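Visitor: Just the structure for this:
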Amino acid sequence: MSEHFFPVIDIEYIDPYPWTVIPPRDGAVGPFEEWDDIQAWCREEAEDLWLDRELDPGPNGIDFVADTLAQCAEAFSPPGTDHWLFLHRDHPTDLPLPVFAAIGPSSGPREETLRTLTMADEPQAVEPTVVKSFKAKRLGEGLTSFRYANQDVAPHVLACARYAWRVEEHGADVVMWTATEDIARIMHAAQDLEQLAHQLAVYNP
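Guide: Below is the predicted model of the structure:
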């Protein structure tokens, strides 16, 4: 990322339900102080998650959720990454669906770039990718795509959803994406994914 590129993703409007937000480990806004003791941060998040849902965690619920969050943080946001990670779940013990969001300086023709970011023309898609225009509340006009893709290292098909925008006033391209082998899971979360796309914003710190 260019040192002269200052806009960053703004999470101010993100609904805490059903998302657990994990900050970048590098880049313009990272690393966060939370990463100094990620285990403690994950435990605090787990406690808040049970409390917010007004559910009894039982004797092991907090430890289980804290461990799940820590594993997700390490798996999906390793050192050096500068994306935001949003973990979707309905119940605290659900296996989270990871959703990512990243920002970079605008590059190339708008339409071509958005199609690239949404992988609209991905040749490895199992069937033609569904591509639509999408107007987000704060990021404006963009594209969204949904496709099924084969994996090189596993026999299961991935269901992939992507959103991308060019935010002209900030000279920024933004992309949000998720992928999972659990097709029912991504279908169930579709409305929440769309709401997350409306809640993302960009600002100059």
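Visitor: May I ask you to confirm that R162 belongs to a helix?
Guide: No. Counting by DSSP: H, G, I helix; E, B strand; the rest coil, R162 falls outside a helix, being strand.
Visitor: That one and E122 touch, don't they?
Guide: No. Using C-beta atoms under 8 Å, R162 is not in contact with E122, being 9.7 Å away. For the C-beta atoms, the positions are set from N, CA and C on the backbone; glycine is no exception.
Visitor: Looking only at neighbour counts, state which of the two leads.
Guide: Counted by other C-beta atoms under 10 Å, R162 and E122 do not tie: R162 has more neighbours, with 23 against 15.
Visitor: so where is this protein shaky, pLDDT-wise?
Guide: 1-5, 27-32, 34-35 (pLDDT under 70).
Visitor: For it, just list every one of the strands.
Guide: 8-10, 19-22, 84-88, 97-105, 130-136, 140-149, 158-167, 172-180, 201-203 (DSSP state E).
Visitor: Just give the strands next to the third one in its sheet, each with its orientation.
Guide: So the one you mean is strand 84-88. strand 19-22 (antiparallel), strand 97-105 (antiparallel) (DSSP bridges).
Visitor: Please give the centre-to-centre distance between it and its chain.
Guide: Offset of strand 84-88 from its chain centre (C-alpha atoms, centre = their mean, to the nearest Å): 5 Å.
Visitor: Pull out the buried residues from it.
Guide: For strand 84-88, burial by neighbour count (16 or more other C-beta atoms under 10 Å) applies to W84, L85, F86, L87, H88.
Visitor: Next, the contact list for the closest residue to the fourth one other than its chain neighbours, please.
Guide: The spatially closest residue to L87, leaving aside those adjacent along the chain, is P96, at 3.7 Å (C-beta to C-beta, 6 or more residues apart in numbering). The contact partners of P96, by C-beta atoms under 8 Å, 6 or more residues apart in numbering, come to T20, T68, L69, C72, L87, H88, R89.
Visitor: now H83
Guide: Here H83 is in contact with P24, S77, F100, A101, A102 (C-beta under 8 Å, 6+ apart).
Visitor: With distance to E54 and neighbour count added, can I get these in a markdown table?
Guide: Below are the contacts of H83 laid out as a markdown table (distance: C-beta to C-beta, whole Å; neighbours: other C-beta atoms under 10 Å):
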| residue | distance to E54 | neighbour count |
| --- | --- | --- |
| P24 | 31 | 22 |
| S77 | 29 | 23 |
| F100 | 29 | 17 |
| A101 | 29 | 22 |
| A102 | 34 | 18 |
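Visitor: Kindly reformat these as CSV containing distance to K137.
Guide: Conversion of the contacts of H83 to CSV gives the following (distance: C-beta to C-beta, whole Å):
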residue, distance to K137
P24, 23
S77, 26
F100, 20
A101, 15
A102, 19
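Visitor: Show me which of the residues you listed is closest to F146.
Guide: The closest of the contacts of H83 to F146 turns out to be F100 (C-beta to C-beta; 15.9 Å).
Visitor: Double-check that closest one against D82; I have them as touching.
Guide: No. Assessed by C-beta under 8 Å, F100 is found out of contact with D82, at 10.8 Å.
Visitor: quick revisit: out of the contacts of P96, who's nearest A189?
Guide: Nearest to A189 among the contacts of P96, with distances taken as C-beta to C-beta, is H88, at 5.2 Å.
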